[in-house]
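Asker: okay, predicted coordinates and the sequence, questions at the end:
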Amino acid sequence: MTGYAPGAIVLWAICALFILIPLASFLAYSFLPVVDNAIVYEPTLDNFANLFSNSSYRTTFLRTMLLAFEVSVFNFVLGYATAYFIWRRPPAWRNVLVIALAIPLLMSYIIKIYAMRGVLGTNGLLNSALLAFGLADEPVSALLFNLTAVRITLSVVLLPFMVLPICVALERITPQVLQAAADLGASEIQTFRWVILPLSLPGAIVGAMFTFVLASGDFLAPELVGGIEGFTFGRLVFSQFGLAFNWPLGAALSVLLLVVALAVISVARRLSNPRWQT
Amino acid sequence: MFRSLEWKLAAALVLATGTQASAQEVRLFSFEGYSEPEWVEPFTEATGCEVSVAYTGSVDEMFAKMVGSDGADYDLVSIDTSIVERYLDQGLIIPFDMSQIPNTSNLLPSFSSVAEVMSGGETYGVPIAWGSLGLIYDKEAFPDGVDSWEALWSPENAGHVLALDDANNNVTNAAIVLGLEDPFNLSDADFDAVKMKLIEQKQYLISYYAGFEEGVNMWDSSEATLMFSMGEFQTVELANRGYDVVYSIPDEGGIGWLDTWALSKGVEDSECAHQWVNHYLDGETGPAMTAKNGYGNTTNESPGLDYADKLVWLRPVEDFDRRVSVWNEVKAAQ
């Protein structure tokens, strides 16, 4: 088919207007200097030089990548188990569970983080439970205002992004395939290892990609539950825009984050669809 | 637990929805505690001007938002006298028409001719409240009181300390704690010492907080017993939640601030903005604010605020951007 359908042109226009142009303006900003609180329109590489030479930016970046990786790995396991559990329920139950899992996505992100603070705090739900069941003698303060709290909060908040793609992948496995495996004498474990897991892995990889990209750019959870350990790259970017009024440096930091996100997406894309491998 | 926060949100919502219908409105961008129903409602009744409020978490955030929008989003900002010059340099504020603010005659002598708010014979800031950045401690944990800031650097108190997330105030306070001669004009060596001091403190902190309410919320969900406070208002909020706390200015001294209303360059309803400032100096609003939120006011005596002589009043600093970047390095340090 040659030529473009009108619909495609509209979609490209929307894409350009709301995604490509804002991103391009970011890229442009990252090459501008700030002098006396004003952005000067004389292109320079100073922001990137600053970005790569400043050791505190580097360590913050690496720490944040590690954090996002940990959350992704943890959610990969937790999310797969949850999705598998949902998939094995009767179809009516399955829908209820998937909807229940998706409902938090409609809630405000900041409310969810505050809710997690209510759960993790010294006077919180988790500590009350630990005390009530005699698992602790006094409230555990180590649950909140540190990196562990950020890991827990991000894992909980981002779990739907992991579970839903895996559910979709599991749904696509037809009963005939499982019957064939059983007919050929495969045990349940063998069926899982050689049939179910390979067929659902692309969904899990997509979920891990979502989790990593969202976790690596997040700045609210680290600020609200991370305490002094929670200074992540996202907060560094935020502070350039929201506190220091250095948009160009903030833009340069964001460009680095964007490059990492694109790299992760392209790797995930290759891994998740074997037919694209060359 | 969120009683007062809900109250404020509800008030802000009611006020905000009112503004949709009315053309007359004043848009405030300020710290918490300057727009309570006790004086907002009489104002709206008297003038027909609605009041909408946006709260800020720190001095830095306020400046960045004003620069970012070129002042277009707000009519009045609550800025302290030390920072008026920075706003002036950026052309973010414009002078008041003092003939529209006759109540300035009610200002106490010490607030009626503040040099920092004047420039070229024009008035750029009208003083409305003063207070300090003191130390809050839990009475039960410290029955003998706390008389030095060093308590916030003490291993004994590790895991019980909160500090605010604000570049200039942290740098200045650390300079005061270190006993540096001029906390507003630091040398390179001073900057290094301040940075080391602030990094050293991190191991004892639970968290930094941004905003009055956020500090109180963190106190509520942690084992905090000490806090580098944003101001008297937090003691009021903590007491409301049942905490037995004391507000004190330690022996080294503490930061004192004098907040003013300043007129944004992007002001839309200039008349309402002037009327709001005038209303603030009517002799009733000030005492009401002192009674409710614990800030000193500028028109009447402020009972309970007896530590003014221990305060180091904020002045313009040598290099604000450098302070912001030092603060970022402190926060990023491990």
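Answerer: Everything's here; your move. Residues are numbered from 1 along each chain as shown, chains lettered A, B, ... in the order given.
Asker: show me which residues of chain A are close to chain B?
Answerer: A:36-38, A:56-57, A:59-60, A:117-118, A:120-124, A:139, A:141, A:144-145, A:223, A:226-228, A:230-231, A:235-236, A:239, A:241-245, A:247 (C-beta under 8 Å from any C-beta of the partner chain). For the C-beta atoms, the positions are set from N, CA and C on the backbone; glycine is no exception.
Asker: can you give me the helices in the stretch 51-200 of chain B?
Answerer: Assigned helices in the stretch 51-200 of chain B, in chain order: B:59-69, B:84-89, B:109-112, B:167-177, B:188-201 (criterion: DSSP state H, counting those that start in this stretch).
Asker: pick the most deeply packed of the ones you listed.
Answerer: The densest packing among the helices of the stretch 51-200 of chain B, expressed as mean neighbour count by mean count of other C-beta atoms under 10 Å in any protein chain shown, is seen in helix B:167-177 with a mean of 24.
Asker: how many neighbours does the closest residue to chain B within the stretch 1-150 of chain A have?
Answerer: Using C-beta to the nearest C-beta, the closest approach of the stretch 1-150 of chain A to chain B is made by A:Gly121 at 3.1 Å. Around A:Gly121 there are 25 other residues, counting by other C-beta atoms under 10 Å in any protein chain shown.
Asker: I'd guessed it sits against A:Leu144; true?
Answerer: Yes: the criterion here is C-beta atoms under 8 Å, and A:Gly121 meets it with A:Leu144 at 5.2 Å.
Asker: and for those two, which residues touch both?
Answerer: B:221-222 (C-beta atoms under 8 Å, 6 or more residues apart in numbering or on different chains).
Asker: looking at the residues of chain A next to chain B, which are in helices?
Answerer: A:56-57, A:59-60, A:117-118, A:120, A:223, A:235-236, A:239, A:241-242, A:247 (DSSP state H).
Asker: give me the residues contacting stretch B:135-144.
Answerer: Applying C-beta under 8 Å, 6+ apart, the external contacts of stretch B:135-144 come out as B:145-146, B:149, B:151-152, B:160, B:224-229, B:234-235, B:238, B:243-250, B:254.
Asker: need the distance between the two termini of it.
Answerer: By C-alpha to C-alpha, to the nearest Å, the extent of stretch B:135-144 from end to end equals 15 Å.
Asker: now do the buried residues in it.
Answerer: Judged by neighbour count (16 or more other C-beta atoms under 10 Å in any protein chain shown), stretch B:135-144 contains these buried residues: B:135-138, B:142.
Asker: B:Ala262 is in contact with B:Gly125, correct?
Answerer: Yes: between B:Gly125 and B:Ala262 there is a contact under C-beta under 8 Å: 4.8 Å.
Asker: tell me the contacts of A:Ala142?
Answerer: Listed by C-beta under 8 Å, 6+ apart, the contact partners of A:Ala142 are A:Thr148.
Asker: now with 10 Å?
Answerer: For A:Ala142, the contacting residues are A:120, A:122, A:148-149, B:159, taking C-beta atoms under 10 Å, 6 or more residues apart in numbering or on different chains as the criterion.
Asker: and the helix or strand of chain A with the lowest mean pLDDT, how far out from the chain middle?
Answerer: Among the helical and strand segments of chain A, the one scoring lowest on mean pLDDT, DSSP states H and E is strand A:38-39, with a mean of 82. Taking C-alpha atoms, centre = their mean, to the nearest Å, the mean C-alpha location of strand A:38-39 is offset from the chain mean by 33 Å.
Asker: what about stretch B:243-253 and chain A, touching?
Answerer: No: in this structure, stretch B:243-253 remains apart from chain A according to C-beta under 10 Å from any C-beta of the partner chain; the gap is never smaller than 11.8 Å.
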